[in-house]
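> From the sequence below, what's the structure:
(one chain, ligands or ions: 1)
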Amino acid sequence: MKIRNAHIKDAYKIQELLKKYAVEGELIVRPMGDIFSQIRDFHILDFNGRMAGFIALHVYWEDLGEIRSFVVDKKFRGKGYGKQLMNLAVKEAKHIGINRIFALTRIPEFFLNQGFKKIPRAKLPHKVWRDCWNCPKYPKHCDEVALIYRIKNK
Ligand SMILES: CC(C)(COP(=O)(O)OP(=O)(O)OC[C@H]1O[C@@H](n2cnc3c(N)ncnc32)[C@H](O)[C@@H]1OP(=O)(O)O)[C@@H](O)C(=O)NCCC(=O)NCCS
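The predicted structure is shown next:
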């Protein structure tokens with residue numbers, strides 16, 4: 001198993017995996033245009049050439065990034081790969097100098113386990129909800145929890 005930067009050829013497979021878990025209510029599908037334009041956000045969990053998962057770190061502003069499109073395919077869960085992907089995204093955020101990363105999620109326990117803290121959703125800037133506009137649950141029935149990770153750069 002290795003973690004590598006995403007290649008443009010990964011884009012359709014990324015959407016396929018997003019769709020697979022969107023059906024199960026775990027993730028939101030993203031349009032191909034977004035995946036192509038943000039392909040550099042992605043790191044791929046690669047099992048002998050098969051995509052076993054991925055994570056994306058998206059930068060919003062000088063002090064704010066987001067963990068989004070984060071998944072490990074079911075067959076590979078529970079082996080520490082999710083944690084490895086998360087550690088890499090945090091390391092990358094630290095490297096480029098972002099000091100806060102947020103996540104919107106239905107599995108807050110995983111994120112709390114990784115050092116994230118819950119915050120009121122209203123604390124996040126409006127533009128971060130752009131991806132949610134296509135979600136049938138947004139806004140009234142949204143069941144996602146907002147969490148934030150503060151990076152200590154010093
Ligand atoms: C979240 C996800 C990526 C974790 O991947 P994983 O490879 O199974 O995670 P790991 O094996 O690295 O687990 C790390 C720790 O988190 C815990 N954990 C894993 N999945 C969890 C979950 N769904 N809820 C709560 N805790 C979880 C593990 O027990 C483990 O705890 P430990 O360090 O005390 O042993 C995976 O469950 C997934 O793809 N879920 C569906 C998509 C999703 O909800 N993504 C988040 C969207 S923001």
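
> what's the spacing between the residue lying closest to A11 once chain neighbours are set aside and K117?
Spatially, and ignoring its direct neighbours in sequence, A11 is nearest to I35 (4.8 Å; C-beta to C-beta, 6 or more residues apart in numbering). (C-beta placed from N, C-alpha, C; glycine too.) Summarising the geometry, the distance separating I35 from K117, computed by C-beta to C-beta, to the nearest Å, is 29 Å.

> okay, the two: which has more neighbours?
I35 (23 against 11; other C-beta atoms under 10 Å).

> Give the phi and psi angles for G65, as a check.
Dihedral angles phi and psi of G65 (degrees, to the nearest 10) take the values phi -130, psi 170.

> Would you confirm that it contacts V59?
Yes. Using C-beta atoms under 8 Å, G65 is in contact with V59, at 5.0 Å.

> In terms of neighbours, single out the busier of these two.
Applying other C-beta under 10 Å to G65 and V59 shows that G65 carries more neighbours, namely 26 against 16.

> about what we covered before: overlap in contacts, G65 and V59.
Both G65 and V59 are in contact with I98, where contact means C-beta atoms under 8 Å, 6 or more residues apart in numbering.

> A52: what's it in contact with?
With contact taken as C-beta under 8 Å, 6+ apart, A52 is in contact with 1, 45-46, 72-73, 75-76, 81.

> In its sheet, which strands sit next to the helix or strand harbouring it, and in what direction?
In the assignment (DSSP states H and E), A52 maps to strand 50-61. Within its sheet, strand 50-61 is paired with strand 42-47 (antiparallel), strand 64-72 (antiparallel), according to DSSP bridges.

> hang on, the earlier thing: ok, and which of the contacts of A52 reach the ligand?
Among the contacts of A52, the ones lying close to the ligand by the criterion of C-beta under 6 Å from any ligand atom are 72, 81.

> In TSV: the contacts of A52, plus neighbour count and pLDDT.
As requested, the contacts of A52 are exported to TSV (neighbours: other C-beta atoms under 10 Å; pLDDT from 0 to 100):
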residue	neighbour count	pLDDT
M1	14	96
L45	23	98
D46	17	98
V72	22	98
D73	17	97
K75	10	96
F76	16	98
Y81	19	98
